[in-house]
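Visitor: Give me a model of this one.
(2 chains)
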Amino acid sequence: MDVIFRVRRFDGEKSYWSDFVIPAKKGMTVLEGLYYIKENYDGSLAFRASCRMGICGSCAVKINGRPVLACETQILHLNSTTIKIEPLDNFEVIKDLVTEFDGFFTKHEAVKPYLIRKEDRYSEPEELIQKPEQLYAYYKYSLCIKCGACYSVCPASSSRDDYLGPAAMTAAYRFIADSRDEGDGERMQIVCGDCGVWRCHFAAECSEVCPKKVEPAKAVQKLRFRSSIYMLKKFFIRW
Amino acid sequence: MRWLKWFEFRGKSLFHISYSLHRLTGIVLVIYLVMHLSYLTSIRMGREVYEYFTSITLTPAFLIFDILLVLAGVYHGVNGLRLILHEFGLGYELRRPLLYLCYLLTLVLWLYASYQMYLFVMGV
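Guide: Modelled structure (predicted):
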């Protein structure tokens, strides 16, 4: 079955659409279709991809208006003879489907997405034991692949550049909820700030589009509750 | 004009549409508040002016605006309660049924309020 790929192109100056006919077969993914274009029609088509199995998060694009992983989306499952492929929203487009992720990763880095211990004894390393329930408290949130799908649909991120965004906040909650972590104070300072949790208005679209079902909206709301307690504690300690 | 992005919901779910409607109804209510306060302030220009202004709002032709205003107010209120619940970290797993319930409640309350307003304006 022939399917038309309508790809949103950008050459650094102007934006335009290019149409390509793809001979789609059962099981063929949109990413394979993009590779087909690159190999047979237009070698200049730019897109990101790496693992081809939904782990790296590189190939997130907007397909028929919805952000998804191109490698996990089968062409025939879309039930459409014309498939519109666009770069993710809320990101600056570099070329065709390739977007600038620097800001996204800077925000991710800002929430200190790593275990913080009060004392790191590398000379005498100790095992940090966790019970299964302590693991389940954060496990789901550790599955984030940083594809940027949540960030691209977030209305708060679209209207403010400095908002940390759902992915960064999920990463913050993932470590705050980790029983081995002792960096609550440092991280809370960041997420309680002007560009933190209070900018979220619960559109919950981030959870709807997450390809790994991480549920960033839930993480943000849980973080918001913790932030309230943290701010109240801080207020009363000061007085 | 980045705030216009609040209303971009192409390809997005009912949650995003609810968010956009919440913003839209919020703007409508702010405009209404300004108009309402202006009407009230008109009493400073005399009782006749005030009564003239309020009599306009009680005409059958104005009823359609009142009905739409009530829709905006009821939706904003009911959806606001849903959002407050979620923002306290409660009922996240029930977010889809709660969203449907929000629309159902809005519809029921709006129809009831519209009917009552219709009876009042028409003097039935």
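Visitor: CA only for contacts and neighbour counts going forward, please
Guide: Fine.
Visitor: what about stretch B:83-95, start to end distance?
Guide: 10 Å (C-alpha to C-alpha, to the nearest Å).
Visitor: any residues touching that stretch, and which ones?
Guide: A:F202, A:K218, A:Q221, A:K222, A:R224, A:F225 (C-alpha atoms under 8 Å, 6 or more residues apart in numbering or on different chains).
Visitor: Now that stretch: buried residues?
Guide: Within stretch B:83-95, the residues that count as buried by 16 or more other C-alpha atoms under 10 Å in any protein chain shown are B:L83, B:H86, B:E87, B:G89, B:L90, B:Y92, B:R95.
Visitor: Which parts of chain B are helices?
Guide: For chain B, helices defined by DSSP state H occupy the ranges B:14-41, B:47-57, B:60-87, B:95-122.
Visitor: buried set for the third one?
Guide: Neighbour counts using 16+ other C-alpha under 10 Å place B:63, B:66-67, B:69-79, B:82-83, B:86-87 of helix B:60-87 among the buried residues.
Visitor: for the second one, same thing?
Guide: Neighbour-count burial for helix B:47-57 flags B:Y50, B:F53 (criterion: 16+ other C-alpha under 10 Å).
Visitor: same deal with stretch A:226-233?
Guide: A:R226, A:S227, A:Y230.
Visitor: Among those, which one sits closest to chain B?
Guide: A:R226 (9.6 Å; C-alpha to the nearest C-alpha).
Visitor: before we move on, the earlier item: identify those among the contacts of stretch B:83-95 that sit within strands.
Guide: When DSSP state E is applied, the contacts of stretch B:83-95 are split such that none fall in strands.
Visitor: how about CSV for those, with pLDDT added?
Guide: As requested, the contacts of stretch B:83-95 are exported to CSV (pLDDT from 0 to 100):
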residue, pLDDT
A:F202, 90
A:K218, 93
A:Q221, 91
A:K222, 91
A:R224, 89
A:F225, 89
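Visitor: got a list of what A:V30 touches?
Guide: A:V30 touches A:A70, A:C71, A:E72, A:T73, A:Q74, A:I75, counting by C-alpha under 8 Å, 6+ apart.
Visitor: neighbour-wise, which of those residues leads?
Guide: When neighbours are counted by other C-alpha atoms under 10 Å in any protein chain shown, A:A70 leads these with 27 neighbours.
Visitor: And the residue of chain A closest to chain B?
Guide: Closest point on chain A to chain B, by C-alpha to the nearest C-alpha, is A:G65, at 4.6 Å.
Visitor: That residue: how many residues sit nearby?
Guide: With neighbours defined by other C-alpha under 10 Å, the count for A:G65 comes to 18.
Visitor: What pLDDT does the model give it?
Guide: pLDDT, A:G65: 92.
Visitor: That one and A:R174, how far apart?
Guide: 29 Å.
Visitor: what do you get for A:L143?
Guide: A:L143 is 10 Å from A:R174, by C-alpha to C-alpha.
Visitor: and chain B, which residues reach chain A?
Guide: With C-alpha under 8 Å from any C-alpha of the partner chain as the criterion, chain B meets chain A at residues B:2-3, B:5-6, B:10-13, B:15-16, B:18-19, B:83, B:86-89, B:92.
Visitor: ok, is the one helix or strand A:S158 maps to in contact with chain B or not?
Guide: Counting by DSSP states H and E, the element that carries A:S158 is helix A:155-159. Yes: Helix A:155-159 comes into contact with chain B (C-alpha under 8 Å from any C-alpha), by way of A:P155, A:S158, A:S159.
Visitor: Could you dump these into a markdown table and include neighbour count?
Guide: As requested, the residues of helix A:155-159 next to chain B are exported to a markdown table (neighbours: other C-alpha atoms under 10 Å in any protein chain shown):
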| residue | neighbour count |
| --- | --- |
| A:P155 | 30 |
| A:S158 | 22 |
| A:S159 | 16 |
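Visitor: And the residue located most distally from the centre of chain B, what's its pLDDT?
Guide: Residue farthest from the centre of chain B, counting by C-alpha atoms, centre = their mean, is B:G46 at 30.1 Å. The score at B:G46 is 89. That number is its pLDDT.
Visitor: Which parts of chain A are strands?
Guide: Taking DSSP E as the criterion, chain A carries its strands at A:2-10, A:15-23, A:60-63, A:66-69, A:82-86, A:93-95, A:98-99.
Visitor: Show me what the third one is packed against.
Guide: For strand A:60-63, the packing partners by 3 or more C-alpha pairs under 8 Å, 6 or more residues apart in numbering or on different chains; DSSP states H and E come out as strand A:66-69, strand A:82-86.
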